[in-house]
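Asker: Predicted structure and sequence below. I'll ask about it afterward.
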Protein chains: 2
Amino acid sequence: MRNGNGAGGAIPRRNETAFLKELAELTRLVEDRLKGLLAVRDVPEHRIYESMAYSVAAGGKRIRPVLFLAVGDMLGGKIDEMLPYACAMELIHTYSLIHDDLPAMDNDDFRRGLPTNHRAYGEAMAILAGDALLNRAFELMLETAMKQGADDAGKLSRGIRAAHCMAEASGVSGMIGGQVMDMEAEGRNLDMHLLDRMHRLKTGALIRACAVSPAILCGADDATVEALAGYAENLGLAFQIRDDLLDVESTDEVLGKPVGSDERNGKSTFVTLLGLEGARLALASAGADALDALGPFGEKAAFLAELAEFIATRRH
Amino acid sequence: MRNGNGAGGAIPRRNETAFLKELAELTRLVEDRLKGLLAVRDVPEHRIYESMAYSVAAGGKRIRPVLFLAVGDMLGGKIDEMLPYACAMELIHTYSLIHDDLPAMDNDDFRRGLPTNHRAYGEAMAILAGDALLNRAFELMLETAMKQGADDAGKLSRGIRAAHCMAEASGVSGMIGGQVMDMEAEGRNLDMHLLDRMHRLKTGALIRACAVSPAILCGADDATVEALAGYAENLGLAFQIRDDLLDVESTDEVLGKPVGSDERNGKSTFVTLLGLEGARLALASAGADALDALGPFGEKAAFLAELAEFIATRRH
């Protein structure tokens, strides 16, 4: 973690309503496109389409695709051209949740108040729905790159590099590697180094790709890509620390799920390793670092700055 | 099924040794490259790498990547440029077997005489290893397209179209859709139409892509692509009918797994629907159609013709 030097403070913040309005607009775009992508087909195997659509529709905050669109928008990209890639990231995120919830993994019966995929469609279908969503994400990215790059070799090349960045982030050197670390950490104490690595892979890699990939699509220079990577890494870290804090500080009602589960499960978290006060300081530091990284973009980064604050202070 | 008109008979066949030698050479290329792709890394989550490598190393006949390379070779493509794409298909095939074997799916303890992935590494790791292999296949295709197409927009475009063809074949409108049909058919009788659709999706789509994708990479014209698609569709059909026949005609020893399992499991097969004689006729017809489709390629198609005969007459 770098130390905040306050440069991010230079980005003028708007009132909360302006942020929430923009957030809602971007979320709506994502929701609408996702719905279009997951139409159920009238074929004998229609239940796999229903199972895929079920978990995507049950979705959460759409933080990843919103981040993707916001970065692309800031860099002058066309929202409509970013949207399929952004949605691909949400499909990847959703598949990972379906497989995470399986009996052999976390064995969760409910997610966001609804039965998990395997509770609704059976375990075999849930495995296949997860597989299908991952596969669909790559189909979508490839077909988008082909379409947008049909008469523009540069655009085709940027589309493929962006897709490759996302593929690395979701694979064994990213999200899946982190899942394995998390799984193997069960009942064992992680030190700070391993905890950091686990989160960097498990949730950090995908969030980072949601900032780096749109920059690649927009043809951004290396310094811009690096600044956005720094922002997203700290955003991911803040997201995770906040998660750990909420498990201690919140209530079942506000959080929408039982608090205190980390302690009950003997999990290593930022709170167990740093203490409550230490975790709060680490959160503030990650938040400040995220804002610092946005310095070069000035007021154009207002939404991204507000998004970082939104995530660092979220109540569920 | 089209009727064989004997055009394929025009392709001169070599002696069996020449075919087996070429088959062994192509298989060796695939094996070597697969090994290189799946090196275990010295990281905390190293077991996922071991689990992935385990199932790929346990592999079978490598029919899919061999078909891929043979088609590319026939069309004048460079084997070395085809190889990563061919291996990606084997990774996709392997992931599908790992997930197929899971307790929630077929619940198989052994495959090719070795413990299945979940028996060796646990169910959670097997789910993640499957996910990781699918993801790795796309990483590999994307990085290959980027590398080979770095200074050649046409090659980049062909690489992406080939990858997209494979993505469609492995997804919900291909292999996964077929898996779902197979799963839902359990304990029910399928008619010929549904049985045909199931196999066309479950195994046919990937085999077809192994003939169409190299043609795309080589910049083949539409007629060539169509001829190869016809060849591969009949090859896939022959493969499946032979599979159904072996379950009735073979012995445990020769087949390497218990025969008669289809009947015990009440499965609809080409044998249950067409009878032994009918299935044999259908196999001969599919084999002849596969050869017919190769007509336009003349003696250059000798290996592909021999491969079709090899598959239609295989004993395990």
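Answerer: Alright, I've got the coordinates.
Asker: thought A:Leu29 was touching A:Cys87?
Answerer: No. Contact criterion Cβ atoms under 8 Å: A:Leu29 and A:Cys87 do not qualify, at 9.3 Å. Just so you know, the C-beta spots here come from the backbone N, C-alpha and C atoms, and that holds for glycine as well.
Asker: Quick one: distance of the strand or helix carrying A:Thr17 to the chain centre.
Answerer: According to DSSP states H and E, A:Thr17 maps onto helix A:16-37. Chain-centre distance of helix A:16-37: 15 Å, with Cα atoms, centre = their mean, to the nearest Å.
Asker: do the same with stretch A:77-84
Answerer: Computed by Cα atoms, centre = their mean, the chain-centroid distance of stretch A:77-84 equals 18 Å.
Asker: Could I get the CA-only coordinates of that stretch as PDB?
Answerer: Output of stretch A:77-84 as PDB, limited to C-alpha atoms (Å, rounded to 0.1, in the frame of the first residue of the first chain):
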ATOM      1  CA  GLY A  77     -14.600   5.700 -25.500                       C
ATOM      2  CA  LYS A  78     -18.100   5.000 -26.700                       C
ATOM      3  CA  ILE A  79     -20.200   3.500 -24.000                       C
ATOM      4  CA  ASP A  80     -22.000   1.400 -26.500                       C
ATOM      5  CA  GLU A  81     -18.800  -0.100 -27.700                       C
ATOM      6  CA  MET A  82     -17.600  -0.900 -24.200                       C
ATOM      7  CA  LEU A  83     -20.900  -2.400 -23.100                       C
ATOM      8  CA  PRO A  84     -20.500  -5.900 -24.400                       C
END
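Asker: Spell out, range by range, the helices that occur in the stretch 51-200 of chain A.
Answerer: With helices called from DSSP state H, counting those that start in this stretch, the stretch 51-200 of chain A shows them at A:63-74, A:79-101, A:117-121, A:123-148, A:153-170, A:175-184, A:192-199.
Asker: Next, format those as TSV and append mean neighbour count.
Answerer: Shown next, in TSV, are those (neighbours: other Cβ atoms under 10 Å in any protein chain shown):
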stretch	mean neighbour count
helix A:63-74	25
helix A:79-101	24
helix A:117-121	21
helix A:123-148	25
helix A:153-170	22
helix A:175-184	24
helix A:192-199	18
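Asker: mind putting those in a markdown table, distance to chain B included?
Answerer: Supplementary listing: these in a markdown table, determined by distance: least, Cβ to the nearest Cβ, whole Å:
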| stretch | distance to chain B |
| --- | --- |
| helix A:63-74 | 16 |
| helix A:79-101 | 6 |
| helix A:117-121 | 8 |
| helix A:123-148 | 4 |
| helix A:153-170 | 4 |
| helix A:175-184 | 4 |
| helix A:192-199 | 6 |
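Asker: Output these in a markdown table; the columns should cover mean pLDDT.
Answerer: Output for those, formatted as a markdown table (pLDDT from 0 to 100):
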| stretch | mean pLDDT |
| --- | --- |
| helix A:63-74 | 98 |
| helix A:79-101 | 98 |
| helix A:117-121 | 98 |
| helix A:123-148 | 98 |
| helix A:153-170 | 98 |
| helix A:175-184 | 96 |
| helix A:192-199 | 96 |
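Asker: which residues does A:Met175 contact?
Answerer: Residues near A:Met175 by Cβ atoms under 8 Å, 6 or more residues apart in numbering or on different chains: A:Ile92, A:Ser96, A:Ala169, A:Leu201, A:Lys202, A:Thr203, A:Ala205, A:Leu206.
Asker: Let me see the contact set for the residue nearest to the third one when sequence neighbours are not counted.
Answerer: What that stands for is A:Ala169. Spatially, and ignoring its direct neighbours in sequence, A:Ala169 is nearest to A:Ala209 (3.6 Å; Cβ to Cβ, 6 or more residues apart in numbering or on different chains). If you count contacts by Cβ under 8 Å, 6+ apart, A:Ala209 has them with A:Met89, A:Cys165, A:Met166, A:Glu168, A:Ala169, A:Ser170, A:Gly174.
Asker: Settle this for me: the fourth one is touching A:Gly177, isn't it.
Answerer: No. With the criterion set as Cβ under 8 Å, A:Glu168 and A:Gly177 do not qualify as a contacting pair; they are 10.7 Å apart.
Asker: pLDDT score for A:Gly9?
Answerer: A:Gly9 is assigned a predicted lDDT (pLDDT) of 56.
Asker: One more: A:Gly6?
Answerer: 47.
Asker: Same question for A:Asp191.
Answerer: 95.
Asker: can you pull the contacts of it?
Answerer: The contact partners of A:Asp191, by Cβ under 8 Å, 6+ apart, come to A:Leu273.
Asker: Please produce a markdown table containing the contacts of A:Met175, extended by distance to A:Leu235.
Answerer: Formatted as a markdown table, these follow (distance: Cβ to Cβ, whole Å):
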| residue | distance to A:Leu235 |
| --- | --- |
| A:Ile92 | 18 |
| A:Ser96 | 18 |
| A:Ala169 | 14 |
| A:Leu201 | 16 |
| A:Lys202 | 15 |
| A:Thr203 | 10 |
| A:Ala205 | 13 |
| A:Leu206 | 12 |
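Asker: and the two most separated of those?
Answerer: A:Ile92 and A:Leu201 (14.2 Å; Cβ to Cβ).
Asker: count of residues packed around the residue lying closest to A:Thr27 once chain neighbours are set aside?
Answerer: For A:Thr27, ignoring the flanking residues on the chain, the nearest one in space by Cβ to Cβ, 6+ apart is A:Arg62 at 5.0 Å. The local packing of A:Arg62 (other Cβ atoms under 10 Å in any protein chain shown) involves 23 other residues.
Asker: and A:Arg62, what does it touch?
Answerer: Shown in contact with A:Arg62 (Cβ under 8 Å, 6+ apart): A:Leu26, A:Thr27, A:Val30, A:Glu31, A:Glu90.
Asker: How about the backbone phi and psi for it?
Answerer: phi 60, psi 30 (degrees, to the nearest 10).
Asker: which residue packs closest to the residue in chain A sticking out farthest from the centre, ignoring adjacent ones?
Answerer: Of all residues in chain A, A:Pro44 has its C-alpha farthest from the mean position, at 33.4 Å, by Cα atoms, centre = their mean. Spatially, and ignoring its direct neighbours in sequence, A:Pro44 is nearest to B:Met181 (5.8 Å; Cβ to Cβ, 6+ apart).
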